[in-house]
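In: Give me a 3D structure for the following:
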Amino acid sequence: MSVIIALAALALLMLAAYRGYSVILFAPIAALGAVLLTAILYQYRSRSDGFIFLFGTVLGGAYEYVCSVFTELVFG
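Out: As a prediction, this is how the structure comes out:
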């Protein structure tokens, strides 16, 4: 599961670089999100795979939304 989270953080960095933003600014944000998502989902490791997938999808979507609002506010 942590491999998927790390790949999602890498995809966020690639998207930021593609749009012309400095990756140095987004690397700590993506790393923090990956660590938090892993720590939160670790509590539910004994639940079913479907539950973890859906819960991770909701949390990842919420994190992506918060990051996009932050980016809009800071960079315009």
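In: So Leu73, which state does it fall into?
Out: Secondary structure state of Leu73, per DSSP: H, G, I helix; E, B strand; the rest coil, is helix.
In: For it, the count of nearby residues, please.
Out: Leu73 is flanked by 8 other residues according to other CB atoms under 10 Å. For glycine as for every other residue, the C-beta is placed from the backbone atoms N, C-alpha and C.
In: do you know how far it is from Val35?
Out: Going from Leu73 to Val35 by CB to CB, to the nearest Å gives 23 Å.
In: same question, Ser48
Out: Per CB to CB, Ser48 is found 24 Å from Val35.
In: And those two? Which one has more around it.
Out: Each of Ser48 and Val35 has its neighbours counted (other CB under 10 Å); Val35 has more, 14 against 9.
In: How is that one classified with respect to secondary structure?
Out: Three-state assignment for Val35 (three-state DSSP): helix.
In: so where is this protein shaky, pLDDT-wise?
Out: Scanning the chain for pLDDT under 70 picks out 1-2, 26.
In: Flag every buried residue along stretch 58-76.
Out: Buried residues in stretch 58-76, counted by 16 or more other CB atoms under 10 Å: 60, 63, 67, 71.
In: and that stretch, C-alpha only, in CSV?
Out: Presented in CSV, the C-alpha positions along stretch 58-76 are these (Å, rounded to 0.1, in the frame of the first residue of the first chain):
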residue,chain,number,x,y,z
VAL,A,58,-11.6,9.5,0.0
LEU,A,59,-8.6,10.7,2.0
GLY,A,60,-6.5,11.1,-1.1
GLY,A,61,-9.2,13.1,-2.8
ALA,A,62,-9.6,15.3,0.2
TYR,A,63,-5.8,15.9,0.4
GLU,A,64,-5.6,16.6,-3.3
TYR,A,65,-8.4,19.2,-2.9
VAL,A,66,-6.7,20.9,0.0
CYS,A,67,-3.4,21.0,-1.9
SER,A,68,-5.1,22.5,-5.0
VAL,A,69,-6.8,25.2,-2.8
PHE,A,70,-3.5,26.0,-1.2
THR,A,71,-1.8,26.2,-4.6
GLU,A,72,-4.5,28.6,-5.9
LEU,A,73,-4.2,30.8,-2.9
VAL,A,74,-0.4,31.0,-2.9
PHE,A,75,0.4,31.0,-6.6
GLY,A,76,-2.8,32.5,-8.0
